[in-house]
Every structure is written in structure tokens, then in C-alpha cells.
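Engineer: pasted the sequence and its predicted model underneath.
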Amino acid sequence: MNRPTIWISRRLSDATLDRASRDYDVILNDADTPGTADEIVAMSNRVDGMIPCHSEHFTADVVSRLDPRLKIVANHSVGVDHCDLPALRARGIAVTNTPDVLSDATAELAMMLMLCAARRAVTGDRIVRTGTWTSWSPSFLVGKQVSGARVGIVGMGRVGQAFARKARGFDMDVHYFNRQRLSPEAETGATYHETLDSLLSVSDFLSLHCPATPETDGMMNAERLARLPDGSVLVNTARGALVDEAALLGALESGRMLAAGLDCFREEPGGNPAFAAQENIVMMPHVGSATVRTRDAMGFRALDNLDAFFRGDRPRDLL
Ligand code: 8YV
């Protein structure tokens, strides 16, 4: 094949764009706005491959309208809930993602959210920033100690395991629920729970690390949140769809749950305006993988997948 043409849907890291233009004819969405359904469809007869982000939605309708020229969708993300995989496969379009390379960055953000939620960082920052720090007392801004506490991990894949390693650095007692129990080496002392409900009942801190699928949609509903011990803290760096946000807000407002740290929301961008008044929710705008090193690694991993595909090899991350 001649030099393939690819569409890059967003402004990826400079190193990624440099390497991409060295090896491919690149059409770049330099405006860096989310690609609409019509843009994706229109682009599909101009390119052989695409590097989209989770902001470009390959719904069944979009996929049905794609031009046969498009052969591969090499996602710049580990999550692929923005892609209708059966529809893409039925069209014979290869799909890849970028696992491994973002696990540490995402787990690091989960740790940050857990610490900030537990130690009341939103309130503390506001008080100092606004010049309203006028007194001190032994009961001032007392939070929940993370070190030595018990943490439950839902989804012990790559990111879940990276989070477990970091939690162990804080001497946390790590418990987990996963579709399959890990090997003893991979478990490294973590306690396995056969059911989610069993995990929830012991989780003073709970961190979500599973994909958004029809089965996990709304998984953390009112009933499940009620199973958490009083004063628990929820952390979500996975996908907003996992959480019933109204139920979470209710549990936080009532004081039954202590706090939450959220990087993902049902509505993105934007988040949930109802959360804004709650200082026991620390929020970030879906930036789990947003470090310089990880963005380069994600771009390179997507390009590795494209390179293998166009060489005629099986891409490493073919789904
Ligand atoms: C990114 C992510 O924000 O990889 C994922 O699934 O949600 C994040 O790493 C995004 O997808 C980058 O394109």
C-alpha cells in the first residue's frame, strides 16, 4: 500500500503529531473540537485509518454510514464505550485501544481524588484562597485518615492493579471485586470478594476501575451505595455511567457518605451542576490520563497499532 492517509480527530501531543506526519499523510482536526457524526462519516472516504479520542462517537448509525475506504479505528483511549464494537466488526473495520500506558497516570489521579476527598481539600483550599482562614482549633477541618484504612477496588484490571500498588504504599488494606479472581502473584495480598455487595459492605473507601458497559450502567445505585459503611468515600476515575449521580448526591447531602472524588460524569463535558454546592465532592474534568508522558505514550501506542495494521501484522491492541 502507498503511504496511508489517516484522520486525527483532536490535537494530540506534539511528539505524536510529529511521528504521525513523518509516517502518514495526516488530516488533523486542528480546531480540536469533538468530531461530529457527520464529520466522521465525511472523513471516512478520505482516509484509510483514524485516530479518534473518546469524544468521537462511533454509534451503530455512524458505523452504518462509513465509507468502505476506512479500514481501522485506532483509538487514543483505553475505554471504547464510544464505539459500537459489534457494528464496527461487522463492517470489517479493525478497532484498537491504548491499554497499559495510562494505568499509572489514572491510578495516580484516583489516589489524588481519594486523598483530597478524605482530607477535605476543596474546603481547605477555599478557606486559604479567600482569606477566610481566621482561626484554628483542634476540631478544625478534621478529615478521614487514608493511611491504614480499608479500600475496595471494583475492577482489578490494569488500572485497578496500579491503584492497588499505590494504595499499598499508604498501608491500605486492599480488597477487590473482579469478574475473575486474580492469580496469587497478581493479587499481592489483596482480598478477593465473590460479589460486589460483599466488597461494598467492607469498603471505607471505594474506587471504581471497570469499563462502562450495559451491565455496569448505573451500577452504583441507591441500593448499592447504601451497602457502603457509614462515612465512606467513593472515587470514580472510570466512567460517569457507572454511578447514579442523584443517589450519590443524596447519600452525600444526608452525611451518610463522607465524600466523593470524581473525574467522570454522566454529562461530559460539563459535569453535574447539582454537585457544585457540595464541598465534600472534589471534581476533575476527565483528566485521568492527562500527563505529558502518558499523552505521548498513548499517541505512540495508537500509532504502533496503525503501523502494525498497515504492515499487514496483527495490531497489539486489536479488540
Ligand atoms: C482519555 C480515557 O481522557 O482512555 C480512556 O478511556 O477516558 C482517557 O484516557 C481519553 O480517552 C483520551 O482520548
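Structural biologist: In hand now; what should we look at? All of these numbers come straight from a predicted model, not from anything done at the bench.

Engineer: can you list the domain ranges for this protein.
Structural biologist: Domains of the chain are assigned by automatic domain parsing as 5-101+292-311, 103-283.

Engineer: any idea how far the last one is from the middle of the chain?
Structural biologist: With C-alpha atoms, centre = their mean, to the nearest Å as the basis, the distance from the averaged C-alpha position of domain 103-283 to the chain average is 13 Å.

Engineer: repeat that for stretch 30-38.
Structural biologist: From the chain centre to the centre of stretch 30-38 is a distance of 21 Å (C-alpha atoms, centre = their mean).

Engineer: what do you get for stretch 301-309?
Structural biologist: In terms of C-alpha atoms, centre = their mean, the centre of stretch 301-309 is set 22 Å apart from its chain centre.

Engineer: show me the contacts for the closest residue to the ligand within the stretch 201-319 of the chain.
Structural biologist: Distances between the stretch 201-319 of the chain and the ligand by C-beta to the nearest ligand atom are smallest at S289, namely 3.3 Å. To be clear about C-beta, it is placed using only N, CA and C from the backbone, and glycine gets the same treatment. Contacts for S289 (C-beta atoms under 8 Å, 6 or more residues apart in numbering) come out as S77, V78, L102, A105, T106, R295, M298.

Engineer: can you rerun that using 7 Å?
Structural biologist: S289 makes contact with L102, A105, T106, M298 under the criterion C-beta atoms under 7 Å, 6 or more residues apart in numbering.

Engineer: ok, back up a step: can you put the domains of the chain in a markdown table and add mean pLDDT, mean neighbour count and distance to the ligand?
Structural biologist: Formatted as a markdown table, these follow (pLDDT from 0 to 100; neighbours: other C-beta atoms under 10 Å; distance: least, C-beta to the nearest ligand atom, whole Å):
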| stretch | mean pLDDT | mean neighbour count | distance to the ligand |
| --- | --- | --- | --- |
| domain 5-101+292-311 | 98 | 19 | 3 |
| domain 103-283 | 98 | 18 | 7 |
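
Engineer: spatially nearest residue to the residue of the stretch 201-319 of the chain closest to the ligand (excluding sequence neighbours)?
Structural biologist: Closest residue to S289 apart from its sequence neighbours, by C-beta to C-beta, 6 or more residues apart in numbering: L102 at 3.9 Å.

Engineer: what about that neighbour, how many neighbours?
Structural biologist: By the measure other C-beta atoms under 10 Å, the count of residues near L102 is 25.

Engineer: so it sits against V78, correct?
Structural biologist: Yes - at 5.9 Å, L102 counts as touching V78 under the criterion of C-beta atoms under 7 Å.

Engineer: what about the longest helix in the protein?
Structural biologist: Secondary structure of the chain per DSSP state H: the longest helix is helix 292-311.

Engineer: helices and strands around that helix, which ones?
Structural biologist: Counting contacts by 3 or more C-beta pairs under 7 Å, 6 or more residues apart in numbering; DSSP states H and E, helix 292-311 packs against helix 14-23, strand 72-74.

Engineer: which residues touch it?
Structural biologist: Identification of contacts with helix 292-311 by C-beta under 7 Å, 6+ apart yields 1, 4, 6, 12-13, 15-16, 19-20, 49, 51, 72, 74-76, 94, 96, 98, 101-102, 105, 289, 314-317.

Engineer: so it versus helix 14-23, what angle?
Structural biologist: Here the directions of helix 292-311 and helix 14-23 differ by 20 degrees (axes from the mean of the first three to the mean of the last three C-alpha atoms, to 10 degrees).

Engineer: circling back: quick check: which element contains the residue of the stretch 201-319 of the chain closest to the ligand?
Structural biologist: Taking DSSP states H and E as the definition, one finds S289 inside no helix or strand.

Engineer: and it, backbone torsions?
Structural biologist: When quoted as degrees, to the nearest 10, the phi and psi of S289 stand at phi -100, psi 10.

Engineer: report the contact partners of the residue of the stretch 101-250 of the chain found nearest the ligand.
Structural biologist: Across the stretch 101-250 of the chain, the shortest distance to the ligand (C-beta to the nearest ligand atom) belongs to L102, at 5.1 Å. Contact partners of L102, counting by C-beta under 7 Å, 6+ apart, are V78, S289, T294, M298.

Engineer: how about S147: what's its closest non-neighbour residue?
Structural biologist: Of all residues not flanking S147 in the chain, F170 sits nearest, at 5.0 Å (C-beta to C-beta, 6+ apart).

Engineer: in space, what's closest to the most centrally placed residue in the chain - neighbours in sequence excluded?
Structural biologist: Taking C-alpha atoms, centre = their mean as the criterion, A238 is the residue nearest the geometric centre of the chain, at 3.6 Å. The shortest distance from A238 to any non-neighbouring residue, by C-beta to C-beta, 6+ apart, is to L208 (4.6 Å).
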